[in-house]
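In: Pasting a predicted model and its sequence here:
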There are 2 protein chains.
Amino acid sequence: MTVTPDLEQVLKGAELRVTRPRVAVLSAVHAHPHADTDSLIRAVRADLGDVSHQAVYDVLRALTSAGLVRRIEPSGSVARYEARVGDNHHHVVCRHCGAIADVDCAVDETPCLTASNDNGFVIDEAEVIYWGTCPACSTSDRHRRRGNT
Amino acid sequence: MTVTPDLEQVLKGAELRVTRPRVAVLSAVHAHPHADTDSLIRAVRADLGDVSHQAVYDVLRALTSAGLVRRIEPSGSVARYEARVGDNHHHVVCRHCGAIADVDCAVDETPCLTASNDNGFVIDEAEVIYWGTCPACSTSDRHRRRGNT
DNA sequence: GCTCTTGTCTTGACTCGTTCAAGAGCAAGG
DNA sequence: CCTTGCTCTTGAACGAGTCAAGACAAGAGC
């Protein structure tokens, strides 16, 4: 795979060192939205050859804290990462196969994003996860189940 | 702790056998909202004496699938359980100390089920987690406590 | 280009929440 | 009371993620 200078600029813009593992991880996250860590490790290794899982974990943490990627953890699933950051979008997760899709912020007025009683908390983010059934699992409902019911 | 016949009725109503561990776990979940599994195990053992952690895990799963308790898993936290079921309420989680509080849905029914673009998914539940800072951590924040702990 | 500094990657072991498996125990119905 | 089958105990195993120490390389300065 050819080097993507664009991603290097992104890393530099975040004041992060430009290394091959970092570019590869960032590229993998862009190429595979909502991929879990293991998938990303395999994608990175397909790109670079041999990379330790620890490096991927470390890079993902660095990218997450730098705000370049976002970490999502639906219940019953492992951590997943996506490169879409900055916009306030949410996710819909299939209960049967675990598929994840993006959902733009539901309503303009966002009724649920305004807590009726915040208990004194200072709220800075509202995370919404829609649970349901994806089109594939809806048609063939007795398909293979990956997650817990 | 005195026996709570009410909980026995709840278990019977769910077609579950009434055993001491089950009553104790259900009671512990009622007494300690948003408690993690380990806290519940300790609470149950304080009540009954010696109970295997496996029994608690098994009971919690049975109660969850029966709809008597609800399992919540904020990112970066272990599984927690609450007895408030049936109403569509959400949670606010403190980024610093992990404290959880209930938040009633802004609207009575379930408006959060309305996604602007459902990608063909059949959505049956919307889970909302508000992230912020609890009152206690807000106060200590002024002492220079910063960063994502 | 060369060296230095500092942050990054490799290797390997380890933690901890959770689950699996086999057998003993007990609740509920007859 | 006895049977039946679910439930609890015991003990081990699993796996995502983390910790620690040292080798290594990116970027800065010369």
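Out: Structure received. Numbers count the residues shown, from 1 in each chain, chains lettered A, B, ... in the order given.
In: ok, is the lengthiest helix in chain A in contact with DNA strand C or not?
Out: Longest helix of chain A, by residue count under DSSP state H: helix A:53-66. Yes - using CB under 7 Å from any atom of the strand, helix A:53-66 reaches DNA strand C at A:H53, A:Q54, A:A55, A:D58, A:V59, A:A62. Any C-beta I mention is one placed from the backbone N, CA and C, and that applies to glycine too.
In: The last one against A:R17, yeah?
Out: No - in this structure A:A62 lies outside contact range of A:R17 using CB atoms under 8 Å: 9.3 Å.
In: Give me the more crowded residue out of these two.
Out: A:A62 (17 against 8; other CB atoms under 10 Å in any protein chain shown).
In: How about chain A: which residue is closest to DNA strand D?
Out: A:A79 (3.0 Å; CB to the nearest atom of the strand).
In: Just give the closest residue to that residue, not the sequence neighbours.
Out: Of all residues not flanking A:A79 in the chain, A:E73 sits nearest, at 5.1 Å (CB to CB, 6 or more residues apart in numbering or on different chains).
In: From A:L40, how far off is the spatially closest residue to A:I123 that is not a sequence neighbour?
Out: In space, and not counting its chain neighbours, A:I123 is closest to B:G132: 3.9 Å by CB to CB, 6+ apart. Taking CB to CB, to the nearest Å as the measure, B:G132 falls 29 Å from A:L40.
In: Repeat that for A:K12.
Out: 21 Å.
In: What is the neighbour count of A:D50?
Out: A:D50 has 6 nearby residues by other CB under 10 Å.
In: and A:E82, backbone torsions?
Out: phi -140, psi 160 (degrees, to the nearest 10).
In: Now the nearest residue to it once chain neighbours are set aside, what are its backbone angles?
Out: Leaving aside its chain neighbours, A:E82 sits nearest to A:P33 (4.9 Å; criterion: CB to CB, 6+ apart). Note on A:P33: backbone dihedrals following degrees, to the nearest 10 are phi -60, psi 140.
In: The longest helix of chain A: which residues count as buried?
Out: A:A55, A:V56, A:V59, A:L60, A:A62, A:L63, A:T64 (16 or more other CB atoms under 10 Å in any protein chain shown).
In: between those residues, which is closest to A:I123?
Out: Using CB to CB, the shortest approach to A:I123 within the buried residues of helix A:53-66 belongs to A:T64, at 20.5 Å.
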